[in-house]
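Colleague: no sequence on this one, just coordinates:
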């Protein structure tokens, strides 16, 4: 939801707002990164809590989001730095600023409400739009290309890997038979005809998730980002990651668990040979989820899971 302190309305409702502020513990001497700044909801809260001198770097590949964030964060002046960049380039962006380390990093993963609610972006099958699904409108690969040109086996693999879709082969076959498919609603209809509809969840939900994640290389980006985030944190600095489905949450959980251990050798190995040293202390043993009130006000927060870890002093 919107920052209670700002009182202003935003098209994007940042989930777990208070939980993020508590997790990152912003201080006036701190430097922070919002890796998916969106409309600036979380960022404004971090800057308010780190007044008067805290600074924040906001990254996003979506020019529309950066425009909204720029408007929202304008009152903070030079304390807010916005850059069009993927968080996979975190290390590079910090080097450009001359920031040797930072005191808090937030990554709010997945698609935002404002992207879903814009039919022309093609993220949702609720309203007709082009099969786009790009976070960064300047990148060449669109969902339409995968839907209409990927071989059937490759399409099935995408639906299974990124959507955990149990009917991936049947859906992939139906898509290939129905080509060309140009719109979100047309694709949703193809999927529904292929597998039918049972329950409240639309049968195309996993298909749309899988295509979006494949188009934007979301898991690959997250996997490359996490080690950079740990390297960038100052001792005592915290990494907070909000994920919205099991694939991302599992990746974050496993990474944090691994980095909280001194030895990552196989359990059956009698002697440690890896030389690995723990770099993180896990703060959230179980993921933090939205309170009932937030879920009622913002149903999209229902699936949000927050995991937090703190950088250790390496010896």
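Modeller: Received the coordinates, thanks. Keep in mind that this is a model prediction, so the values were computed, not measured.
Colleague: any weak-confidence spans in the stretch 201-315 of the chain?
Modeller: 315 (pLDDT under 70).
Colleague: which stretches of it form strands?
Modeller: 233-243, 280-282, 305-311 (DSSP state E, counting those that start in this stretch).
Colleague: In CSV: those strands, plus distance to residue 92 and mean neighbour count.
Modeller: Placement of C-beta: from N, CA and C, glycine included. As requested, the strands of the stretch 201-315 of the chain are arranged in CSV below (distance: least, Cβ to Cβ, whole Å; neighbours: other Cβ atoms under 10 Å):
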stretch, distance to residue 92, mean neighbour count
strand 233-243, 16, 22
strand 280-282, 22, 17
strand 305-311, 20, 23
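Colleague: hang on, isn't residue 146 packed against residue 215?
Modeller: Yes - Residue 146 lies in contact with residue 215 (Cβ atoms under 8 Å); the separation is 6.8 Å.
Colleague: Please identify which of the two sits among more neighbours.
Modeller: Under the criterion of other Cβ atoms under 10 Å, the comparison of residue 146 against residue 215 puts residue 215 first, with 24 against 19.
Colleague: any idea how far residue 237 is from that one?
Modeller: Using Cβ to Cβ, to the nearest Å, residue 215 is found at 32 Å from residue 237.
Colleague: and this structure, what are its domains?
Modeller: The chain breaks down into these domains under automatic domain parsing: 17-114+218-311, 121-215.
Colleague: re the thing from before, rebuild the strands of the stretch 201-315 of the chain as a markdown table, extending it with distance to residue 70.
Modeller: Formatted as a markdown table, these follow (distance: least, Cβ to Cβ, whole Å):
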| stretch | distance to residue 70 |
| --- | --- |
| strand 233-243 | 22 |
| strand 280-282 | 33 |
| strand 305-311 | 26 |
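Colleague: I'd like to know which of the ones you listed is closest to residue 258.
Modeller: strand 280-282 (8.9 Å; Cβ to Cβ).
Colleague: The closest one: how far from the chain's middle?
Modeller: Chain-centre distance of strand 280-282: 20 Å, with Cα atoms, centre = their mean, to the nearest Å.
Colleague: Give me the helices and strands touching it, please.
Modeller: helix 246-259, strand 305-311 (3 or more Cβ pairs under 8 Å, 6 or more residues apart in numbering; DSSP states H and E).
Colleague: Rebuild the ones you listed as a markdown table, extending it with distance to residue 227.
Modeller: As requested, the helices and strands packed on strand 280-282 are exported to a markdown table (distance: least, Cβ to Cβ, whole Å):
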| stretch | distance to residue 227 |
| --- | --- |
| helix 246-259 | 8 |
| strand 305-311 | 12 |
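Colleague: looking at the ones you listed, which is closest to residue 56?
Modeller: strand 305-311 (17.7 Å).
Colleague: is it true that residue 128 touches residue 122?
Modeller: No - contact between residue 128 and residue 122 fails when scored by Cβ under 8 Å: they sit 9.6 Å apart.
Colleague: what do the two both touch?
Modeller: Shared contacts of residue 128 and residue 122 (Cβ atoms under 8 Å, 6 or more residues apart in numbering): residue 184.
Colleague: any idea how far the residue lying farthest from the centre of the chain is from residue 264?
Modeller: Relative to the centre of the chain, and counting by Cα atoms, centre = their mean, the farthest-placed residue is residue 270 at 38.3 Å. From residue 270 over to residue 264 the distance is 15 Å, taken as Cβ to Cβ.
Colleague: Does residue 32 belong to a helix, a strand or coil?
Modeller: At residue 32 the chain is in strand, as set by DSSP: H, G, I helix; E, B strand; the rest coil.
Colleague: mind starting the numbering at 591 from now?
Modeller: Got it, first residue is 591 now, which makes that one residue 622.
Colleague: burial count for it?
Modeller: 25.
Colleague: so where do the strands sit in the stretch 641-790 of the chain?
Modeller: According to DSSP E, counting those that start in this stretch, the strands that the stretch 641-790 of the chain contains are 645-650, 670-674, 692-698.
Colleague: Name the residues of the shortest one that come out as buried.
Modeller: I take that to be strand 670-674. 670, 671, 672 (16 or more other Cβ atoms under 10 Å).
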